[in-house]
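Peer 1: could you work out the structure for the sequence below:
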Amino acid sequence: MNIVLSIEAINQPLAGIGRYAWELATRLPAQANIDSVRYLSDGFWRTLPDYDLSGSRDYSALSLKSFEPVRFSYKAKLRQQLGRMRFFSQWYGKLMPVLAGQRLNSLSNAIFHSPNYFVPKCNLPSLVTLHDLSIYRYPQWHPKTRIERALASIPQSVERANLVLTDSLATRLEVMEHFKLGPEKVVAIPLGVDDLFHPYSAEETAPVLQQIGLQPNGYSFFVSTIEPRKNLGNLLAAYRALPEDIRQRWPLVLAGGAGWQSDDIHDEIAKGQSEGWLKYLGFIDQHWLPLLYAGCRLFTYPSWYEGFGLPIAEAMASGVPVLTSNCSSMPEVAGGAAMLVEPGDVDSIREGLQKALQDEEWRATAIARGLQRAAELSWEACVHNTVAAYRMVQTG
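Peer 2: Predicted coordinates for the structure are as follows:
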């Protein structure tokens, strides 16, 4: 099979959809039954950028400077700023599909896959990955220009695609219901966990953690873009409500860059830091995440809504207990291994935090189950199953 993969989402720093697209782009050429892979971005043929994501496995030389915020690539920053401008967004939304369609129509024997919601009008059989439907369910979490473009393009993409892919069964059901699609039209393919995420000993984590004032097993951890959907307001309120001795023994450590409408939550973060029970690292290089996961007492992720929730799987693979929400795809990803809480109930989150931090019997069970569940999620399996979806499209 000849595959054309859209790679607009691949920009440094890689996260979320960008990471998914990168794993597909780098692994597809080696898959059985794949004869060729071409990459399309912004309406032009591209080569893959030369990113080194292998990560250093020698952490002994890390210093505090390693935790300074990573600079976003010029391309990513420019697209982010222009995307917020209504005129540019409308112009981009009209021109790029035309260019992409022209490129795709120049081919006669290929399958097109968009890993990022959008399929241009073209003659090739195609697949589209819809990671979540937050734009429909929670439009208040998105800029107006993003909503306008998505509402105009996603229904067309679903109609054009021969097959729709989702990251979870929960999202698959949402997509089927919202777009009135039959089960044969939508396939759920779970995401994977990089093998850099695994348990590390205290001897391996301590030298790095000590440089930012942390100790192995001595903090709770949260990582994600700081934005309303992640429910940090309720997480901080729940943490503040914990007994003071618990907060001081296991402070909350946040990692993640500022997202849309995050000013208010950054005010709360600053308040928690001044009270001594919170540390904010900002956006950190992905290479250092394995140690931050593995060194924590508890990973906290009480998000309002997720299409998958990859940090849940990464934390479980790192051998730490997880607290997450009891809604959307999060229970599915956790697979019975996590402490599930009601994201809208601060008391539920507080009670879950206290139990997950202190109950040694529950913790041991959660760690064992989490490692088992995470072992079921790999990027190789994700790509293999994606190739199987390509075959479904090829054979009609």
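Peer 1: all the strands of this structure, residue numbers only.
Peer 2: Assigned by DSSP state E, the chain shows strands spanning 2-6, 36-41, 44-46, 111-114, 126-129, 163-166, 186-188, 220-223, 252-255, 278-280, 298-301, 322-325, 339-341.
Peer 1: looking at the ones you listed, which is nearest to residue 211?
Peer 2: Comparison of the strands of the chain against residue 211 by Cβ to Cβ identifies strand 278-280 as nearest, at 12.4 Å. For every residue, glycine as well, the C-beta is placed using N, CA and C.
Peer 1: that closest one pairs with which strands, parallel or anti?
Peer 2: strand 252-255 (parallel) (DSSP bridges).
Peer 1: can I get the strands of the chain in JSON lines including distance to residue 207, mean pLDDT and mean neighbour count?
Peer 2: Shown next, in JSON lines, are the strands of the chain (distance: least, Cβ to Cβ, whole Å; pLDDT from 0 to 100; neighbours: other Cβ atoms under 10 Å):
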{"stretch": "strand 2-6", "distance to residue 207": "40", "mean pLDDT": "98", "mean neighbour count": "22"}
{"stretch": "strand 36-41", "distance to residue 207": "40", "mean pLDDT": "97", "mean neighbour count": "19"}
{"stretch": "strand 44-46", "distance to residue 207": "40", "mean pLDDT": "93", "mean neighbour count": "13"}
{"stretch": "strand 111-114", "distance to residue 207": "42", "mean pLDDT": "98", "mean neighbour count": "26"}
{"stretch": "strand 126-129", "distance to residue 207": "40", "mean pLDDT": "99", "mean neighbour count": "23"}
{"stretch": "strand 163-166", "distance to residue 207": "41", "mean pLDDT": "99", "mean neighbour count": "22"}
{"stretch": "strand 186-188", "distance to residue 207": "41", "mean pLDDT": "99", "mean neighbour count": "20"}
{"stretch": "strand 220-223", "distance to residue 207": "18", "mean pLDDT": "98", "mean neighbour count": "26"}
{"stretch": "strand 252-255", "distance to residue 207": "17", "mean pLDDT": "96", "mean neighbour count": "24"}
{"stretch": "strand 278-280", "distance to residue 207": "18", "mean pLDDT": "95", "mean neighbour count": "19"}
{"stretch": "strand 298-301", "distance to residue 207": "21", "mean pLDDT": "99", "mean neighbour count": "26"}
{"stretch": "strand 322-325", "distance to residue 207": "25", "mean pLDDT": "99", "mean neighbour count": "28"}
{"stretch": "strand 339-341", "distance to residue 207": "30", "mean pLDDT": "99", "mean neighbour count": "24"}
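Peer 1: with distance to residue 369 added, can I get the ones you listed in TSV?
Peer 2: Formatted as TSV, the strands of the chain follow (distance: least, Cβ to Cβ, whole Å):
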stretch	distance to residue 369
strand 2-6	35
strand 36-41	37
strand 44-46	42
strand 111-114	33
strand 126-129	28
strand 163-166	24
strand 186-188	21
strand 220-223	19
strand 252-255	24
strand 278-280	28
strand 298-301	14
strand 322-325	10
strand 339-341	11
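Peer 1: can you tell which of these is closest to residue 176?
Peer 2: Closest to residue 176 of those is strand 186-188 (Cβ to Cβ; 5.3 Å).
Peer 1: need the contact partners of that closest one.
Peer 2: Contact partners of strand 186-188, identified using Cβ atoms under 8 Å, 6 or more residues apart in numbering, comprise 163-169, 171-172, 175-176, 389, 392.
Peer 1: try stretch 151-162
Peer 2: Residues from elsewhere that reach stretch 151-162, judged by Cβ under 8 Å, 6+ apart: 93, 97, 114, 117-122, 125-128, 130, 135, 164, 175, 179, 181, 393.
Peer 1: can you report how many residues lie near the residue lying closest to residue 216 once chain neighbours are set aside?
Peer 2: Once flanking residues are discounted, residue 216 sits nearest to residue 202: 4.0 Å by Cβ to Cβ, 6 or more residues apart in numbering. Per other Cβ atoms under 10 Å, the neighbour tally for residue 202 reads 12.
Peer 1: please name the residues that touch residue 202.
Peer 2: Applying Cβ under 8 Å, 6+ apart, the residues contacting residue 202 are 216-217, 295.
Peer 1: and the gap between it and residue 319?
Peer 2: In this structure, residue 202 and residue 319 are 12 Å apart, going by Cβ to Cβ, to the nearest Å.
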